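A.B. asks: Just to be clear, the model below is a prediction. Sequence and coordinates:
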Amino acid sequence: MPIHSIQFFAPANPVCSDAGKWIRPLFPEFKLVSASDPQIWNGLHGTDFMRARELDFLKLPAPGTLYMGGRGGYGSMRALNQWLEEGNVPVSGGVLCGFSDLTVFLNFLPQFGFSCWHGPLGTAPKALALPEGNLAKSFRSLVENSRFQTPIQSSHTFKGWVIGGNLTVFLSLLGTKFEPDWKGKILLLEDIGESTYRLDRMFTQILSHRDFQNLAGILLGQFTDCAPQKGSGFNVSLEDVCADFVSKSSVPVVQDIAVGHIEDMLTIPMDRDVTVLDGSIFWDAIPEKS
């Protein structure tokens, strides 16, 4: 089913009025539907009940509509918890895109037949997308359901469905109903604003997971503004923390993937096989159902 409209939703922080400005030059024919704008309450975006109403589209997703997070922030898990505790169950057939705090949706919804993409938000990127950049080409391939391939710095070969997303948020899913199955999957990780000692601790937790060795591979995205914390006594660089993680990994790791809190990000599908082969990353179109 071709995508013809984008519906923004706001389970985390409220969305400003210019959400989607980067989309209009790429898809001027798309209908863009704004997220609601409830009151700010207790430092969060509305009450849990109000935030859960942002997720009612999961009951009956509209054909041809891409549901995109308006922005990241904090509170997506609270909203989804509330929505599920009301007795709701997601219905298959929807398409959802986002990253950062929306990592909870990306890892939970595929089991219900949702197509999830780790990619842009209504307000991220902030600038207009370059027509021939990573974002425009990868996002268009998924919207139009076509094959995509781009070169990366890698000599590894592996294939699988993608799990993960924001490292901090992903770790908060472990041991909960939102944690995905790791076996045979590609683990994608990115983050922003974390000190290197915290990254080291989180990478160690990933390495210690009971199913770590059952992963097909790992994609390390961008760790934006992650640096040693002044006065922490742990002054190891981001490069050294990542190198240590790679050296200890029992599964292949590809670094410096254009994913995360950057402007020209790749949109990575989590609803089909992604393949790393011969110095490139690619995925194919999903066959249309007869």
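C.D. replies: Sure, I can see it.
A.B. asks: Which residues are in contact with the spatially closest residue to Ala19 that is not a sequence neighbour?
C.D. replies: Distances taken as CB to CB, 6 or more residues apart in numbering place Gly122 nearest to Ala19, at 3.2 Å, with adjacent residues excluded. Where you see a C-beta, it was placed from the backbone N, CA and C, and this is true even at glycine. Remark: with contacts taken as CB atoms under 8 Å, 6 or more residues apart in numbering, Gly122 is in contact with Phe8, Val15, Ala19, Gly20, Ala35, Met68, Gly69, Gly70, Arg71.
A.B. asks: Lowest-confidence entry in those residues?
C.D. replies: Across those, the smallest pLDDT goes to Val15, namely 75.
A.B. asks: I figured that one was touching Gly72, is that so?
C.D. replies: No - counting by CB atoms under 8 Å, Gly72 is not a contact partner of Val15; they are 10.5 Å apart.
A.B. asks: roughly how far apart are Ser141 and Phe108?
C.D. replies: Between Ser141 and Phe108 the computed distance is 24 Å (CB to CB, to the nearest Å).
A.B. asks: same deal with Cys97?
C.D. replies: Cys97 is 15 Å from Phe108, by CB to CB.
A.B. asks: Quick check: pLDDT value at the residue nearest to Ala19.
C.D. replies: pLDDT, Gly122: 92.
A.B. asks: same check, this time on Ala10
C.D. replies: Taken from the predicted model, the pLDDT recorded for Ala10 is 87.
A.B. asks: same check, this time on the one 4 residues further on
C.D. replies: The predicted local confidence for Pro14 comes out at a pLDDT of 77.
A.B. asks: coming back round to it: want to throw the contacts of Gly122 into TSV with neighbour count?
C.D. replies: Formatted as TSV, the contacts of Gly122 follow (neighbours: other CB atoms under 10 Å):
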residue	neighbour count
Phe8	23
Val15	24
Ala19	22
Gly20	21
Ala35	20
Met68	26
Gly69	32
Gly70	29
Arg71	23
